[in-house]
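Visitor: Fold the following and give me the result.
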Amino acid sequence: MNARHIDHVNLRIPEDGANEAREFYGEKLGFGIEDALYAAGEKPFFDVRLSATAVIHLWPTDEFERPTKTNYDHVAVVVEESVDEIESELADAGVEIEKTLDSPLGATGEAGAVYVRDPFGYRVELKARV
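Guide: The predicted structure is shown next:
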């Protein structure tokens, strides 16, 4: 098999968490929200559009359990901004930064990264482009 990239990550969120997710991922982080099919009842989840080739599926369910240190660590998203720009945008949006690393190794090489938590406890790494 020859993998090319991650297509999607599927995260369960609280059954009543859709609006909070839209605010965090759409308004605060600035990613696209695709929820027409979800709103129409045609699929049980909606998408956070990261790029033309990658999404995060957010699945509202009563079976949601907050992530713990033993069952989830993070999803890494490469962004165009520098670490300074990421930190500035997060501060403007009121998003608390959990930690910043100078050069963690990822699939595309070493680059600075900023870590935040979404409203449901999932850690999101915002990684500067190499």
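
Visitor: give me the low-pLDDT residue ranges for this structure?
Guide: Scanning the chain for pLDDT under 70 picks out the ranges 2-3.

Visitor: go again using 90 as the cut-off
Guide: Across the chain, the ranges flagged by pLDDT under 90 are 1-7, 53, 68-73, 103-109, 129-130.

Visitor: in this structure, which spans are strands?
Guide: 8-14, 32-34, 46-51, 54-61, 75-79, 99-101, 105-106, 109-110, 113-117, 123-128 (DSSP state E).

Visitor: I'd like to know which of these is closest to Leu90.
Guide: Minimum separation from Leu90 across the strands of the chain (CB to CB) falls at strand 113-117, 6.5 Å. C-beta: built from backbone N, CA, C; applies to glycine.

Visitor: Provide a list of residues in contact with Gly32.
Guide: Neighbour list for Gly32: 26, 48-49 [criterion: CB atoms under 8 Å, 6 or more residues apart in numbering].

Visitor: how about a cut-off of 10 Å?
Guide: Gly32 makes contacts with 25-26, 47-51, 55, as judged by CB atoms under 10 Å, 6 or more residues apart in numbering.

Visitor: Likewise for Phe120?
Guide: Phe120 touches 11-14, 17, 20-21, 24, 58, 64-67, counting by CB under 10 Å, 6+ apart.

Visitor: close enough to count as contact, Ile13 and Pro60?
Guide: Yes - counting by CB atoms under 10 Å, Pro60 is a contact partner of Ile13 at 5.4 Å.

Visitor: More neighbours: which of those two?
Guide: Ile13 (22 against 18; other CB atoms under 10 Å).

Visitor: and that one, how far is that from Val130?
Guide: From Ile13 across to Val130, the span is 30 Å (CB to CB, to the nearest Å).

Visitor: again, but for Pro119
Guide: Taking CB to CB, one finds Pro119 at 29 Å from Val130.
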